[in-house]
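A.B. asks: Please find the sequence and the predicted model below.
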Amino acid sequence: MPTSSVVQILTGSIAPVIVISGVGLVLLSITNRYGRVLDRARALLKQLEQGDAATASEIRLDEQLQRTHRRAKLLRSSMIYGSASIFFVSLTILALFAEYILRVQFDFFALPCFALCLLCLVASLYYSIRDITVSMGALDLEINSVRAGRGGARK
């Protein structure tokens, strides 16, 4: 295979490879958030196991645990869609290489795969944004809990 063909292959696959790099960074931040959520859930479970009666504190801990569980599910969905995005962009790159090597048009395969890659990326970002929204609700719950324990909110 001549050098010019290799250059054409690499040039044609630059955009999809950049997508892999960008989605990989997004997945890295999502998995870090996911790990923190799991650690928080374990800490809440430990606090709940140490409680004896169904006090107001335990009810608040249970609400926090429910929100944390919801966040974990949202982040899991975000990671799944992000990984699917990388999968589809990888198929796109393979189709581009096959086009150059076999001299056959695989647009019928490469273009839908790239479209699926972008749709999965949008879904991943959607679930990530939903997690941020839920995390703010969980923080509000904790702040209100502390304020209620101190005799009311200060202004």
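C.D. replies: Thanks, I have the structure now.
A.B. asks: Please give the element, helix or strand, for the most centrally placed residue in the chain.
C.D. replies: Residue closest to the average C-alpha location in the chain (Cα atoms, centre = their mean): Ser78, at 3.1 Å. The secondary structure element spanning Ser78 is helix 56-102 (assigned by DSSP states H and E).
A.B. asks: With Lys46 instead?
C.D. replies: With elements delineated by DSSP H and E, Lys46 resides in helix 14-50, which encompasses its position.
A.B. asks: Please apply the same query to Val104.
C.D. replies: In this structure, Val104 is located outside every helix and strand according to DSSP H and E.
A.B. asks: what's the neighbour count on the closest residue to it other than its chain neighbours?
C.D. replies: Computed as Cβ to Cβ, 6 or more residues apart in numbering, the closest residue to Val104 that is not its neighbour in sequence is Ala98, at 7.0 Å. The way it works is simple: take the backbone N, C-alpha and C, and place the C-beta from them, glycine included. Neighbour count for Ala98, taken as other Cβ atoms under 10 Å: 15.
A.B. asks: now Ala98: how far from Phe114?
C.D. replies: Going from Ala98 to Phe114 by Cβ to Cβ, to the nearest Å gives 14 Å.
A.B. asks: what residue ranges in this protein score low on pLDDT?
C.D. replies: Low-confidence segments of the chain (pLDDT under 70): 1-13, 52-54, 56, 149, 151-155.
A.B. asks: at 90 what do you get?
C.D. replies: When residues are selected by pLDDT under 90, those of the chain lie in 1-21, 44-64, 93-111, 135-155.
A.B. asks: returning to that earlier point: can you tell me the closest non-neighbouring residue to the residue nearest to the centre of the chain?
C.D. replies: In space, and not counting its chain neighbours, Ser78 is closest to Tyr127: 3.7 Å by Cβ to Cβ, 6+ apart.
A.B. asks: Please apply the same query to Gly51.
C.D. replies: Closest residue to Gly51 apart from its sequence neighbours, by Cβ to Cβ, 6+ apart: Glu58 at 4.6 Å.
A.B. asks: if I look at the one you found, how far off is Leu65?
C.D. replies: When Cβ to Cβ is applied, the distance between Glu58 and Leu65 equals 10 Å.
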